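Asker: Fold the following.
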Amino acid sequence: MRVISGKYRGKRFYPPKKFPSRPTTDMAKEALFSILDAKVYFEKLDILDLFSGTGNMSLEFLSRGVGQVVSVDSHFVSHKFQQKTAESLNDKAWHVLKQDAFVYLENTNQKFDIIFADPPYEFAELDKIPAMVFEKQVLVDDGMLIVEHSSRTSMKGLPFFKQTRDYGGVSFSFFEH
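Answerer: Down below sits the predicted model:
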């Protein structure tokens with residue numbers, strides 16, 4: 001896993017073998033951040049990374065100079081790897097939490113500019129993510145939710161859906177107020 005741009009560009013991180021999640025591919029990350037580069041100014045943004053796995057996407061946001069990233073994952077190995085990575089970088093803007101994503105959304109009072117969610121590809125409650133984000137008003141008024149999912153799955157028709165971009169077997173669905 002490597003960071004593709006920003007202050008941590010080129011840094012490599014090595015999750016343990018048999019890691020419980022798959023990091024977003026470099027091709028898909030580059031495509032997503034090209035879209036975001038045209039839409040947002042990263043400095044000072046507050047980012048929530050749900051189902052954060054390796055912390056791959058959190059690192060990409062941090063590398064671009066956002067205000068803070070909150071990474072939430074309930075898996076022990078994911079949390080431990082992210083904590084170790086965060087400690088090695090000593091980046092005060094990265095907050096790593098071991099918690100269920102839905103429990104976090106239910107209880108947080110914080111609002112975010114961008115929420116990135118990358119649940120397991122066969123996740124049965126995929127449509128619950130945008131529903132809960134908008135119901136609990138976890139985004140700022142002009143904020144954006146991005147859900148990474150399999151290209152075999154469609155999120156079209158859900159409230160606040162704007163568009164999906166496909167990159168091989170990976171899709172990013174965008175939701176906005």
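Asker: Mind giving me the packing neighbours of whichever strand in the chain runs longest?
Answerer: In the chain, with assignment by DSSP state E, the single longest strand is strand 139-150. On a contact count with 3 or more Cβ pairs under 8 Å, 6 or more residues apart in numbering; DSSP states H and E, strand 139-150 meets helix 26-39, strand 112-117, helix 128-135, strand 170-176. From N, CA and C alone the C-beta is placed, and that goes for glycine too.
Asker: Now tell me what touches the first one from outside.
Answerer: Spelled out, it's helix 26-39. 2, 4-5, 24, 42, 56-57, 60, 64, 114, 144, 146, 148, 165, 167-168, 170, 172 (Cβ atoms under 8 Å, 6 or more residues apart in numbering).
Asker: now swap in the last one and tell me
Answerer: For strand 170-176, the surrounding residues in contact (Cβ under 8 Å, 6+ apart) are 24-25, 28, 32, 35, 130, 133-134, 142-151, 153, 155-156, 158, 160-165.
Asker: List the buried residues for it?
Answerer: Buried residues in strand 170-176, counted by 16 or more other Cβ atoms under 10 Å: 170-176.
Asker: Measure how far that strand is from the centre of its chain, please.
Answerer: With Cα atoms, centre = their mean, to the nearest Å as the basis, strand 170-176 stands 11 Å off its chain's centre.
Asker: repeat for the second one
Answerer: For strand 112-117, the distance between its averaged C-alpha position and the chain's averaged C-alpha position is 7 Å (Cα atoms, centre = their mean).
Asker: Stretch 131-149 now?
Answerer: The answer for stretch 131-149 is 12 Å, by Cα atoms, centre = their mean.
Asker: And for Ser78, the neighbour number?
Answerer: Look at Ser78: counted by other Cβ atoms under 10 Å, it has 23 neighbours.
Asker: related to what we said a few turns ago, quick one: buried ones out of the contacts of strand 170-176?
Answerer: 24, 28, 32, 130, 133-134, 143-149, 155, 158, 161, 164.
Asker: Give me the contacts around stretch 161-169.
Answerer: 25, 27-28, 31-32, 35, 130, 150-152, 154-156, 171-176.
Asker: I should have written stretch 130-146 there, sorry.
Answerer: Here stretch 130-146 has contacts from 32, 39-40, 48, 102, 105-106, 108, 110-117, 129, 147, 155, 158-161, 172-177, using Cβ under 8 Å, 6+ apart.
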